[in-house]
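A.B. asks: 3D, please:
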Amino acid sequence: MSVPEYTAVRAGGRRSPRPVPVALPPPEHCEMCEEVRLSGSFATGPHRSAGFSRLVSRTRAVDVLSGLGSLLPGYVLVVPRRHTTSLGELSPADLAEAFAVGWRFAERIERELGHPVVMVEHGSSGTSGKGGSCITHSHLHIFPLSDVAHSPLFAAPGSRKISGLADLIDTAHRRKNYYFCTWKRDEGYLLSDPDLPSQYARRVWAGTLDAPDLWDWAAFPFLSNCQDTTDRLRDPNESETDRHMRETLLAYGVAAPTYAARTRRFTDGSTLPHEIADLARTTSGVVLDAGAGAGRDALCFAANGRRVIALDACLPLLTMTPDEPEVQRVTGDVRCLPLSNASVGAVWCSAVLLHLPPVELLRALREFHRVLESRGAVQVSVKEGEGHASLAMGGENPFRRHFFYYRHGDLIPLARAAGFDVQQSWTEEEADSSDDVQRWIKLRLRRTT
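C.D. replies: Numbering: from 1, shown residues only. Reported below is the predicted structural model:
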């Protein structure tokens, strides 16, 4: 379904875009916002220990999550990452993207799982009630059906037929709840101000599957179907490295408050403050703290008089960095830095590259070389050892961190292959974030061109 360009006539006959409804601020605690923030992990609600991520796909504006209460494999939700109470509150571009993603997955579910689908939204833009929605963060259900003939059953009594998405924006703009469903690109059914029971569409869905008592997702989550959906619809080209990185980031994201508290200060006797001071003293320009976590080292560089870019791929952890005028927080991957060539004078990367296998570690070192000014310096550290390990974070966190161990004979050739001159290398023992004493390999590198 298309999103037509809205126009309104001003005085003098001039036409201008109709104002898009302004989204209300998110509530103090929105479980769906939390799920999006943590990439679909079960960190809230009654299923926080399910042990896998629901994230199937991510685009600029939306996440696709496998749905709890998955009566059939193939049930997914298209969820805007920005909090709105209905899809009609999105900008026209984001609304178009949400439905484009929805139709793409509808086709995949039918093609790969053999189920026709119907798409449903309970819009909750009204000032009272939820219009049948159980969560007031906009989301589009994609229900897999056992028979395409069941599709019309999802149109609520009293709905009117519409041919585009204009009415969703208009209804949300007028602060009305609505119920919308579609199973054809050029046809949908909309009911404004619906008086519907909670989880209305799920009740209809359960009835079509001869399971009328199993409609409540919280009581009947069907986690095995949910995980099956994630596994079957997630990008088949995802590499083992990307799976490891995704789980590692989920582990840190779920543990962000406790991990930030645990790493707020340097351990007693740590040599890191002295190494930071030395790198600050012997370089100039902006410092990139690559893998800054909750910002401990970035703040130390700032205390040494340097401007710092605190970069981390884990947004929940990065947001724990205290405000400091000289520290700029940036979300990014060390393997593909969102920085210009020759834009920083030094790179500090402590206990980060140990999450990468050799090929990906070399990619990160080449990125450091690219963003460094001529004669700029880098310090990196990894754990000494051999092989790969996956370790639990502990507590209720269901995700594991993945580690790769290195020896001097592995690391120095990679640094040179990235174009660096190895100025200094050494090993020392120091406690890690779990207070376990580890043996670390440290390199001080310099760009010579």
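
A.B. asks: if you average pLDDT over the longest helix along the chain, what comes out?
C.D. replies: The single longest helix within the chain, with elements called by DSSP state H, is helix 92-108. For helix 92-108, mean pLDDT is 92.

A.B. asks: likewise stretch 347-354?
C.D. replies: On average, stretch 347-354 scores 97.

A.B. asks: On the three-state scheme, E430 is what?
C.D. replies: strand (DSSP: H, G, I helix; E, B strand; the rest coil).

A.B. asks: partners of it in the sheet?
C.D. replies: Q438 (DSSP bridges).

A.B. asks: Retrieve the pLDDT associated with R243.
C.D. replies: 80.

A.B. asks: Check the one 5 residues further on too.
C.D. replies: Here, the pLDDT recorded for T248 equals 91.

A.B. asks: Which parts of the protein are helices?
C.D. replies: Counting by DSSP H, the helices of the chain are 31-37, 92-108, 166-173, 200-208, 223-233, 240-254, 256-262, 272-281, 296-303, 315-318, 358-371, 408-417.

A.B. asks: Tell me which of those helices approaches A61 most closely.
C.D. replies: Among those, helix 92-108 comes nearest to A61, with 4.3 Å by CB to CB. Every C-beta, even on glycine, is put in place using the N, C-alpha and C of the backbone.

A.B. asks: The longest helix of the chain: which residues count as buried?
C.D. replies: Judged by neighbour count (16 or more other CB atoms under 10 Å), helix 92-108 contains these buried residues: 92, 94-99, 101-103, 105-106, 108.

A.B. asks: Same question for stretch 211-218.
C.D. replies: Going by 16+ other CB under 10 Å, stretch 211-218 has these buried residues: 214-215, 217.

A.B. asks: One more: stretch 326-337?
C.D. replies: Under 16+ other CB under 10 Å, the buried positions of stretch 326-337 are 326-327, 329, 332-335, 337.

A.B. asks: for that stretch, what is the average pLDDT?
C.D. replies: Averaging pLDDT along stretch 326-337 yields 91.

A.B. asks: which outside residues touch it?
C.D. replies: Residues from elsewhere that reach stretch 326-337, judged by CB atoms under 8 Å, 6 or more residues apart in numbering: 288, 290-292, 295, 298-299, 302, 306-313, 315, 318-319, 321, 338-339, 349, 352-353, 356, 360, 363-364, 367-368, 370-371.

A.B. asks: swap the cut-off to 7 Å and go again
C.D. replies: With CB atoms under 7 Å, 6 or more residues apart in numbering as the test, stretch 326-337 has contacts from 290-291, 295, 298-299, 302, 307-313, 315, 318, 321, 338, 349, 352, 360, 363-364, 367, 371.

A.B. asks: cool, stretch 258-265 as well?
C.D. replies: 252, 293-294, 296, 317, 320, 433.

A.B. asks: What are the structural domain limits within this structure?
C.D. replies: Domain segmentation of the chain under automatic domain parsing yields 8-237, 242-447.

A.B. asks: Where among these is average confidence lowest?
C.D. replies: Among the domains of the chain, domain 8-237 scores lowest, at a mean of 83.

A.B. asks: right, and L140 touches P80 too?
C.D. replies: No - if you go by CB atoms under 7 Å, L140 and P80 don't touch, sitting 9.0 Å apart.

A.B. asks: Skipping adjacent residues, who's closest to R234 in space?
C.D. replies: With CB to CB, 6 or more residues apart in numbering as the criterion, R234 has its nearest non-adjacent residue at 5.2 Å, and that residue is V56.

A.B. asks: ok, the contacts of stretch 258-265 vs S284, which is closest?
C.D. replies: Of these, the one sitting nearest to S284 (CB to CB) turns out to be R296, at 22.7 Å.

A.B. asks: Look up how far T282 lies from that closest one.
C.D. replies: 21 Å (CB to CB, to the nearest Å).

A.B. asks: Show me which of those two is the more surrounded one.
C.D. replies: R296 (21 against 12; other CB atoms under 10 Å).

A.B. asks: who's in contact with that one?
C.D. replies: Contacts of R296 by CB under 7 Å, 6+ apart are 263-264.

A.B. asks: just the one 10 residues further on next, same as before
C.D. replies: Under the criterion of CB under 7 Å, 6+ apart, the neighbours of R306 are 280, 287.

A.B. asks: Got phi/psi on it?
C.D. replies: phi -110, psi 150 (degrees, to the nearest 10).

A.B. asks: Nearest residue to T448 in space, ignoring adjacent ones along the chain?
C.D. replies: In space, and not counting its chain neighbours, T448 is closest to D421: 4.9 Å by CB to CB, 6+ apart.

A.B. asks: That neighbour contacts R446, doesn't it?
C.D. replies: Yes - contact criterion CB under 7 Å: D421 and R446 qualify, at 5.0 Å.

A.B. asks: Neighbour count for the two, which is higher?
C.D. replies: The residue with more neighbours, out of D421 and R446, is R446; 18 against 14, by other CB under 10 Å.

A.B. asks: so the more buried one bridges to which residues?
C.D. replies: A377, D421.

A.B. asks: where's it relative to D186, distance?
C.D. replies: In terms of CB to CB, R446 sits 62 Å off from D186.

A.B. asks: now swap in R58 and tell me
C.D. replies: Taken as CB to CB, the span from R58 to D186 is 28 Å.
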